[in-house]
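A.B. asks: got a predicted structure here, sequence first:
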Amino acid sequence: MNRKRLLTVRFSEEDYARIVEKAQLAGRPLSVLVRDALGRVKTWTAQDRDSFRERTLTLARIGTALGDMARTLRQNPGSAPVLLPEIEEFQEILKEMEDLTFLKSKFALGIFEGQDFLIRL
């Protein structure tokens, strides 16, 4: 590949020394190490940030609501029949957001198994 473009980047002496050391330890030229590193970096678009922010806010709202429900259940266990439909609604919302890594964990998916959910709250 014919590389004609040059990118100039400024580093502190300490940062430069760390990068050079990593290249030496890897047995690779500095330019190859930097190109490889840049190839692994995910650049977030404005849409990515907005989507992540909205999901984070939604999860925070769900967490707050679930905390309120848990407090209500502890204070009044008889309210379980009223709260179960609300909890099932949260389960559906979380299923829609299933592509979030931590929601795929065994614990996160397992806690929404009917009454078991109430016990773990």
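C.D. replies: It's in. Keep in mind that what you see is a predicted model, and the values were worked out from it rather than measured.
A.B. asks: CA atoms for contacts and neighbours, from now on please.
C.D. replies: OK.
A.B. asks: can you list the low-confidence ranges for the protein?
C.D. replies: 97-121 (pLDDT under 70).
A.B. asks: in it, which helix is the longest?
C.D. replies: Counting residues, the longest helix found in the chain (DSSP state H) is helix 46-75.
A.B. asks: name the residues of that one that are buried.
C.D. replies: For helix 46-75, a neighbour-count test (16 or more other C-alpha atoms under 10 Å) marks 59, 62, 66, 69-70, 73 as buried.
A.B. asks: next: stretch 20-34.
C.D. replies: Applying 16+ other C-alpha under 10 Å to stretch 20-34 flags 20, 23, 30, 33 as buried.
A.B. asks: identify the residue spatially nearest to the second one, adjacent ones excluded.
C.D. replies: With C-alpha to C-alpha, 6 or more residues apart in numbering as the criterion, A23 has its nearest non-adjacent residue at 5.4 Å, and that residue is L30.
A.B. asks: kindly report the same for the last one.
C.D. replies: Spatial nearest neighbour of L33, excluding adjacent residues (C-alpha to C-alpha, 6+ apart): A23 at 6.1 Å.
A.B. asks: still on that earlier bit, farthest-separated two in the buried residues of helix 46-75?
C.D. replies: Taking every pair in the buried residues of helix 46-75 and measuring C-alpha to C-alpha, the maximum separation is 20.6 Å, between L59 and L73.
A.B. asks: the helices in the chain, which residues?
C.D. replies: 13-26, 30-40, 46-75, 80-96, 106-110, 115-120.
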